[in-house]
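Chemist: Mind looking at a prediction? Sequence and model below.
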Amino acid sequence: MNPASRQGKAAAPTLGIVGVGLIGASLALAARRAGAAGQVLGADRSAASLDKALALGVIDERAALHEIAKADLIVVCVPVAKMGAVFQALAPHLGPSTIVSDTGSTKVDVVAAAKTAFGERVGQFVPAHPIAGREQHGVEAALPDLFVNRHLLLCPLQENPGAAVTAVRMLWESAGAHCHAMSAVQHDAVLAAVSHLPHLLSYALVAQVVNAEDALVKLDFAGAGFRDFTRIAASDPEMWRDIFLANRGALLHELDIYQAILMQLRGMIEKGDGEGLRKVFDKASQTRSAWGTPAWGNPASGEAPKSVPAWPQ
């Protein structure tokens, strides 16, 4: 997306989507609806996914990576373990004004892969992560409003020109997202606590129940609490495997803290310490009730979460 494209060029910029799953396809639909993209090119390791994307109007054309590398703006929406290979394939063919971004749920490893692949041209890569999703995955699950009133974390590099960061920010804002800035290291630490750990716990609880001798009986009588807690265990297993391994240091740190809290609660239950349990539960309940309200900082109101600055206007 070169400056001319953003300043009233007759044709809207060409958007390249690598990975036409839930996130990539939803972004393509949102950008098309907002007029933020003209032609949309799609690349994917699955020919069937590309066929579906074409049939559903998500993309205009399928493209090989060396062809998609000439788009104005490319967004790589593949599992984080596959990012490096995609970057390596794009690098030799990258247009001089092409901007590359990503949607990876980890950032330190993705930035390292980009620096290895793009070398002195790494300034053309702007790391990003939309905090959005659903338990369904694949192009059929795509929604044009998936990112509306959701947070988008940008992790700009020192090498990024301001215009490149602005182009990526404008794309996501056209999809309805609220953009915020954060370093790659802070991103991985924060997401380990509030995204990666919850998914790990959800998978673990389902695994615990399924591995029980009376698993079918337990599942037959599971109620709303189990259903709500384990909803995200239906998420893409490959994607989450890669995320857990890519962010293992931060995730293990959060898991250790969580295990310590569990042991504390276990001790209270064993001792019959009802008052201790009530204090912990009261604090958790009050925090959960306040979270997401205007007083806390509500994405729907355009406010940033506490301690995370909104993108300067």
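Modeler: Right, received. Where do you want to start? Residues are numbered from 1 along each chain as shown.

Chemist: show me where the chain has strands.
Modeler: Counting by DSSP state E, the chain has strands at residues 15-18, 40-43, 61-62, 73-76, 99-102, 125-126, 128-130, 151-154, 178-181.

Chemist: Tell me how far residue 143 lies from residue 240.
Modeler: Here the distance between residue 143 and residue 240 works out to 20 Å (C-beta to C-beta, to the nearest Å). Bear in mind the C-beta positions are built from the backbone N, C-alpha and C, glycine included.

Chemist: With neighbour numbers in mind, choose between the two.
Modeler: The neighbour count for residue 143 versus residue 240, taken as other C-beta atoms under 10 Å, is higher for residue 240 (20 against 15).

Chemist: Now do the contacts for the closest residue to that one other than its chain neighbours.
Modeler: Spatially, and ignoring its direct neighbours in sequence, residue 240 is nearest to residue 199 (5.5 Å; C-beta to C-beta, 6 or more residues apart in numbering). Going by C-beta atoms under 8 Å, 6 or more residues apart in numbering, residue 199 touches 232-233, 235, 240, 243.

Chemist: could I get these as TSV with distance to residue 53?
Modeler: Shown next, in TSV, are the contacts of residue 199 (distance: C-beta to C-beta, whole Å):
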residue	distance to residue 53
232	25
233	26
235	20
240	23
243	23
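
Chemist: possible to save these as JSON lines with pLDDT and distance to residue 154?
Modeler: Converted to JSON lines, these look like this (pLDDT from 0 to 100; distance: C-beta to C-beta, whole Å):
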{"residue": "232", "pLDDT": "92", "distance to residue 154": "24"}
{"residue": "233", "pLDDT": "94", "distance to residue 154": "29"}
{"residue": "235", "pLDDT": "86", "distance to residue 154": "23"}
{"residue": "240", "pLDDT": "92", "distance to residue 154": "23"}
{"residue": "243", "pLDDT": "93", "distance to residue 154": "19"}
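
Chemist: Which two of the residues you listed have the greatest separation?
Modeler: Spatially, the most separated pair among these is 233 and 243, at 14.0 Å (C-beta to C-beta).

Chemist: Compare neighbour counts for the two and give me the winner.
Modeler: residue 243 (27 against 18).

Chemist: who are the neighbours in contact with the residue nearest to the more buried one when sequence neighbours are not counted?
Modeler: Distances taken as C-beta to C-beta, 6+ apart place residue 105 nearest to residue 243, at 4.8 Å, with adjacent residues excluded. Going by C-beta under 8 Å, 6+ apart, residue 105 touches 80, 129, 191, 195-196, 239, 243, 247.

Chemist: Residue 220: which of the residues you listed is nearest?
Modeler: Of those, the one sitting nearest to residue 220 (C-beta to C-beta) turns out to be residue 239, at 29.6 Å.

Chemist: Residue 79 is in contact with that closest one, correct?
Modeler: Yes: assessed by C-beta atoms under 8 Å, residue 239 is found in contact with residue 79 at 4.8 Å.

Chemist: who has more neighbours, those two?
Modeler: residue 239 (22 against 18).

Chemist: Pull stretch 101-119 out as CSV, backbone CA atoms only.
Modeler: Extracted in CSV, the C-alpha atoms of stretch 101-119 (Å, rounded to 0.1, in the frame of the first residue of the first chain):
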residue,chain,number,x,y,z
SER,A,101,2.0,-7.6,8.5
ASP,A,102,0.7,-10.7,10.4
THR,A,103,-2.0,-11.8,12.8
GLY,A,104,0.2,-14.1,15.0
SER,A,105,-0.7,-14.6,18.6
THR,A,106,2.9,-14.4,19.7
LYS,A,107,5.3,-11.6,18.7
VAL,A,108,8.9,-12.1,19.9
ASP,A,109,9.3,-15.3,17.7
VAL,A,110,7.5,-13.8,14.7
VAL,A,111,9.6,-10.6,14.8
ALA,A,112,12.8,-12.8,14.9
ALA,A,113,11.6,-14.8,12.0
ALA,A,114,10.8,-11.6,10.0
LYS,A,115,14.3,-10.1,10.7
THR,A,116,15.9,-13.3,9.5
ALA,A,117,13.8,-13.5,6.3
PHE,A,118,13.7,-9.8,5.4
GLY,A,119,17.1,-8.6,6.7
